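S.K.: Sharing a model prediction with you, sequence too.
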Amino acid sequence: MKNPFKTNLISKLKLINLFLIIFGFNLIDNELKAHLRGYYSNESEAKEKAKKLGCVGTFKIKDMWMACESEKELHKYLRKNK
């Protein structure tokens with residue numbers, strides 16, 4: 001049996017997201033773009049990106065490498081370098 005509260009909440013969140021997309025405030029899309037700019041298949045590419053961004057280090061999430069020493073640092077530098 002479906003949970004009516006959860007179904008209603010999801011519907012409202014979708015509506016809010018649609019409103020944000022229409023008015024150019026798609027927060028989910030911005031977060032996805034930041035991640036797509038930060039994933040690399042090997043550590044050397046991530047290190048090169050870290051140099052370009054101005055941060056140091058790399059870290060690994062599953063099979064992908066990311067620039068900077070943490071995800072928090074990466075997002076900080078990606079926002080600076082838009």
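M.R.: On my side now, so go ahead.
S.K.: alpha carbons only for contacts and neighbour counts from here, please
M.R.: OK.
S.K.: beta partners for residue 60?
M.R.: As for beta bridges, residue 60 partners with residue 65 under DSSP bridges.
S.K.: isn't it right up against residue 69?
M.R.: No - look at residue 60 against residue 69 with C-alpha atoms under 8 Å: they stay out of range, at 9.5 Å.
S.K.: Of these two, give the one with the bigger neighbour count.
M.R.: Set residue 60 next to residue 69 and count neighbours by other C-alpha atoms under 10 Å: residue 60 wins out with 18 against 15.
S.K.: how far away is the more buried one from residue 66?
M.R.: The spacing between residue 60 and residue 66, counted by C-alpha to C-alpha, to the nearest Å, is 6 Å.
S.K.: so what's residue 8 up against?
M.R.: Contact analysis of residue 8 by C-alpha atoms under 8 Å, 6 or more residues apart in numbering lists nothing.
S.K.: make that residue 59, sorry
M.R.: 65-70.
S.K.: buried subset of these?
M.R.: Taking 16 or more other C-alpha atoms under 10 Å as the criterion, what is buried in these is 65-68, 70.
S.K.: Kindly indicate which of those residues lies nearest residue 49.
M.R.: residue 67 (6.0 Å; C-alpha to C-alpha).
S.K.: Do I have it right that residue 41 meets residue 64?
M.R.: Yes - between residue 41 and residue 64 there is a contact under C-alpha under 8 Å: 5.2 Å.
S.K.: so how far is residue 44 from the closest residue to residue 55 other than its chain neighbours?
M.R.: In space, and not counting its chain neighbours, residue 55 is closest to residue 68: 5.3 Å by C-alpha to C-alpha, 6 or more residues apart in numbering. Distance, residue 68 to residue 44, using C-alpha to C-alpha: 12 Å.
S.K.: could you show me where the helices are in this protein, in order?
M.R.: 4-22, 27-36, 43-53, 71-80 (DSSP state H).
S.K.: Could you tell me the least trusted of those helices?
M.R.: Mean pLDDT is lowest for helix 27-36 among these, at a mean of 53.
S.K.: Just the buried positions in stretch 47-67, please.
M.R.: Within stretch 47-67, the residues scored as buried using 16+ other C-alpha under 10 Å are 47, 49-50, 53, 55-60, 65-67.
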